[in-house]
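Got a sequence here, can you model it:
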Amino acid sequence: MIGYTTLGTNDFEKAKTFYDKAFAALGVRRTLSNDRMQGWGIKGTPGMFAVCKPYDGAKAVSGNGPMVAIPAPSQDIVQKVHADALAAGGKDEGAPGDRGGGFYGAYFRDLDGNKVCVFKVG
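The predicted structure is shown next:
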């Protein structure tokens, strides 16, 4: 149902490098790109994840509660994305593991403090 998600960043170049590294195991590629926004997606599937410089020019801030969740094809990929995100400078917000009901997830914050979940259901 979601077409795309954007998270604000205060360092556009660092954010692009961070997500290139964090999402490598997901098989995503850079998609939409311009001077203030960079998106990633998987060819042939709807949806895009993007980082952007805030349109109003103000500082990007993260929230306490908002989170973006990215599906992964396996638990191994959930573990790899989480490890890659931490290796790229992200902060651990919940190690990979079973959260109940067949939901396996891992949580991290990016360089701007945005919270991201990578998960596998089933």
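
Name the SS class of D84, please.
helix (DSSP: H, G, I helix; E, B strand; the rest coil).

need the contact list for it.
K21, A22, F23, A24, A25 (CB atoms under 8 Å, 6 or more residues apart in numbering). Where C-beta positions appear, they are placed from N, C-alpha and C, glycine not excepted.

so which of these is the most crowded?
A22 (27 neighbours; other CB atoms under 10 Å).

The spatially closest residue to that residue that is not a sequence neighbour and K21, how far apart?
Ranked by CB to CB, 6 or more residues apart in numbering and with sequence neighbours excluded, the top spatial neighbour of A22 is A85, at 3.9 Å. For A85, the distance to K21 equals 8 Å [CB to CB, to the nearest Å].

With I2 instead?
24 Å.

And for S33?
Distance from S33 to K21, by CB to CB: 17 Å.

Who does the nearest residue to S33 once chain neighbours are set aside form a beta bridge with?
Take S33 and drop its neighbours on the chain: the residue closest to it by CB to CB, 6+ apart is G39, 6.8 Å away. Each beta-bridge partner of G39 is listed here, defined by DSSP bridges: A50.
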